[in-house]
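**Student:** Pasted the sequence and its predicted model underneath.
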Amino acid sequence: MNLDQLNHRLWRTGVYVCVFALVGVCVPYLAQAAVWHPTPLTTWQWQLTGTVDQSFDVQAYDIDLFDNTAATISSLHAAGRKVICYFSAGSYENWRPDASSFPQSVFGNNNGWPGEKWLDIRQLSVLEPIMNARFDLAVQKGCDAVEPDNVDGYANNTGLPLKASDQLAYNEYLAGAAHTRNLSVGLKNDLDQIPDLLSYFDWALDEQCNQYNECDTLAPFINANKAVFNAEYQGTPSKFCPKMNAMRISSIKKSLNLDAPMTACWAISSDPTPVVGDINLDHIVNSIDYSLLNAKWFTTDAASDLNHDGLVNAIDYSILNENWFKTW
């Protein structure tokens, strides 16, 4: 276990260290309260290319760590925004200023983007100093949070014999490195490992959960009162946004190049507020919703958990019955 992982475990459990030899008091090992913990339906903007458009009235901006200055981050702070700083933790990008720090021995296959290669995350002794420097840069620039990308290499064609356990160890290190520096950290796209990593990460960011019918997999974050940020690249917002809003997922429609324009689901008002119990959002509470709820009995399914208490049970049946045949 490295120092960042140890620090993170102490941070998670609220361990206090007594330093009587120095000051005679017990103090928190880390300043846990300083870490930002966004909650469901936190509004956000995601812009990784071009000059950041600071005009969006949102609670958080997600921007590129390297391409933006401390002055840009300070300006966003002055407007009351939290700032998430993006960098790739699982791939090599040949245009980054620290690209020469990566030895050839950690390179895998191209990951589908020009100039990028998967990293051999098993070689933590090589990667840790590079990533730690990136976390330090985030602190220096004033970032509130970090978005480490490409943290699901084990599930992709990396050309490397990565195992799920390798990914868990690496992602736990990333969370620990962030928390050691009082940075909030999000889990990006690594859906299959949410049960193991939920307690390590402060929020989640996914792409196209609606398109790929995987939004339910993110429910543990919502049920833990942790924000889920989602970006869709296809589809019509007026059709998918009501579902996203009902599931309390902070969804936006973006283009693949992640420039400034976006459509925010929370701003979609073409439909009135759905009646609680209309699980499939067909504008009426009926037997279809009853069947959907029944299929999710005693699960944590966010859409069927009508009172958001973390479990689909008899209380949710009662709510559905109260709204039987109501329309909106």
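**Tutor:** Received it, and whenever you're ready, just let me know what you need.

**Student:** show me where this structure has strands.
**Tutor:** 16-18, 26-28, 44-47, 60-64, 82-88, 91-93, 107-110, 116-119, 145-149, 184-188, 203-207, 228-232, 250-253, 263-264 (DSSP state E).

**Student:** can you list those in TSV and add mean neighbour count and mean pLDDT?
**Tutor:** In short, each C-beta sits where N, CA and C put it, glycine included. Listed next are those as TSV, based on neighbours: other Cβ atoms under 10 Å; pLDDT from 0 to 100:
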stretch	mean neighbour count	mean pLDDT
strand 16-18	11	38
strand 26-28	12	40
strand 44-47	24	98
strand 60-64	22	98
strand 82-88	23	98
strand 91-93	21	98
strand 107-110	17	98
strand 116-119	22	98
strand 145-149	24	98
strand 184-188	26	98
strand 203-207	23	98
strand 228-232	25	98
strand 250-253	24	98
strand 263-264	16	98
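
**Student:** Output those in CSV; the columns should cover distance to Ile130.
**Tutor:** Listed next are these as CSV, based on distance: least, Cβ to Cβ, whole Å:
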stretch, distance to Ile130
strand 16-18, 29
strand 26-28, 29
strand 44-47, 24
strand 60-64, 17
strand 82-88, 10
strand 91-93, 10
strand 107-110, 13
strand 116-119, 9
strand 145-149, 12
strand 184-188, 17
strand 203-207, 22
strand 228-232, 26
strand 250-253, 30
strand 263-264, 35
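
**Student:** how about the ones you listed, which one is nearest His308?
**Tutor:** His308 lies closest, by Cβ to Cβ, to one member of those: strand 228-232, at 13.3 Å.

**Student:** residue ranges with poor pLDDT in the stretch 151-300 of the chain?
**Tutor:** Judged by pLDDT under 70, the stretch 151-300 of the chain has its weakly predicted residues at 269-273.

**Student:** which stretches of it form helices?
**Tutor:** Remark: helices assigned in the stretch 151-300 of the chain by DSSP state H, counting those that start in this stretch are 164-180, 194-197, 219-223, 237-246, 287-295.

**Student:** For these, give me a markdown table that also has distance to Ile268 and mean neighbour count.
**Tutor:** Formatted as a markdown table, the helices of the stretch 151-300 of the chain follow (distance: least, Cβ to Cβ, whole Å; neighbours: other Cβ atoms under 10 Å):
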| stretch | distance to Ile268 | mean neighbour count |
| --- | --- | --- |
| helix 164-180 | 32 | 22 |
| helix 194-197 | 27 | 15 |
| helix 219-223 | 19 | 22 |
| helix 237-246 | 4 | 19 |
| helix 287-295 | 21 | 15 |
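
**Student:** and of the ones you listed, who's closest to Pro261?
**Tutor:** Nearest of the helices of the stretch 151-300 of the chain (Cβ to Cβ): helix 237-246, 12.3 Å.
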